[in-house]
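[1] Next come a sequence and a model predicted from it.
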Amino acid sequence: MLPECHYLIIGPTGVGKTNLLLNLLLQYMSYDHCTIYTINPDQKKYQLLHKFSDLFYEEDIDNMFEISSPEDVTPVDNLDRYMNKVIIFDDIKLDNKNMNNIKEYFSLSKNKNCNCIYLTQSYYDVPKYIRRNTKCFILFGGLDNKDIRHISDDLSKDIRRVRFGNIYRLATSEP
């Protein structure tokens, strides 16, 4: 995993975005604290993450993992700059005030020792500011043509849109 990097994980419901996220958190990422902002805090996979992490870490788990509402996003200025953090935004659609707090993570949190991961079902629905401040994109199969077109236009300057669409469909043809 890239240190101090922001990730966008994109795919329709049921393709494995949350499973991938849990694997990243449990196997590949190094951090002292993880906060998950989600509208569904009782999601079984997040509750399992909290329980399984007890097996992997000796620290006080209650302080290591936090699951919160998107309306309760901690301002970036309040983050501890010395602690390695992973902040996850799970398919969040909010009013402008709360979304502005999230946008700040994708520009100001690098100086706060923070990796951000945004899970979404649609690239197009993610605010442009977040898309432009993301380094790593993970695409699952099943995206619609509108999303593929926008991803191609934004990220693949040297590849024509039709070719990009063909590469995407080939790369995601098997799970």
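    Thanks, I have it.
[2] Contact partners for the closest residue in space to residue 146 that isn't next to it in sequence?
    Closest residue in space to residue 146, ignoring its immediate chain neighbours: residue 124 at 5.7 Å, by Cβ to Cβ, 6 or more residues apart in numbering. For glycine as for every other residue, the C-beta is placed from the backbone atoms N, C-alpha and C. Contact analysis of residue 124 by Cβ atoms under 8 Å, 6 or more residues apart in numbering lists 146-147, 150.
[3] pretty sure residue 20 is touching residue 175, no?
    No - using Cβ atoms under 8 Å, residue 20 makes no contact with residue 175, being 11.4 Å away.
[4] if we can go back for a sec, if I've got this straight, the residue nearest to residue 146 is in a helix?
    No - per DSSP: H, G, I helix; E, B strand; the rest coil, residue 124 lies outside any helix segment and is coil.
[5] Now residue 140. Nearest residue, chain neighbours left out?
    residue 11 (2.7 Å).
[6] same check, this time on residue 150
    Closest to residue 150 by Cβ to Cβ, 6+ apart is residue 124, at 5.1 Å.
[7] what residues go with each domain of this protein?
    Taking automatic domain parsing as the reference, the chain has its domains at 6-140, 141-175.
[8] ranking the ones you listed by burial, who's on top?
    Sort the domains of the chain by mean neighbour count, taking mean count of other Cβ atoms under 10 Å, and domain 6-140 sits at the top with a mean of 16.
[9] if you average pLDDT over that one, what comes out?
    Mean pLDDT, domain 6-140: 85.
[10] so how far is it from its chain's centroid?
    Chain-centre distance of domain 6-140: 5 Å, with Cα atoms, centre = their mean, to the nearest Å.
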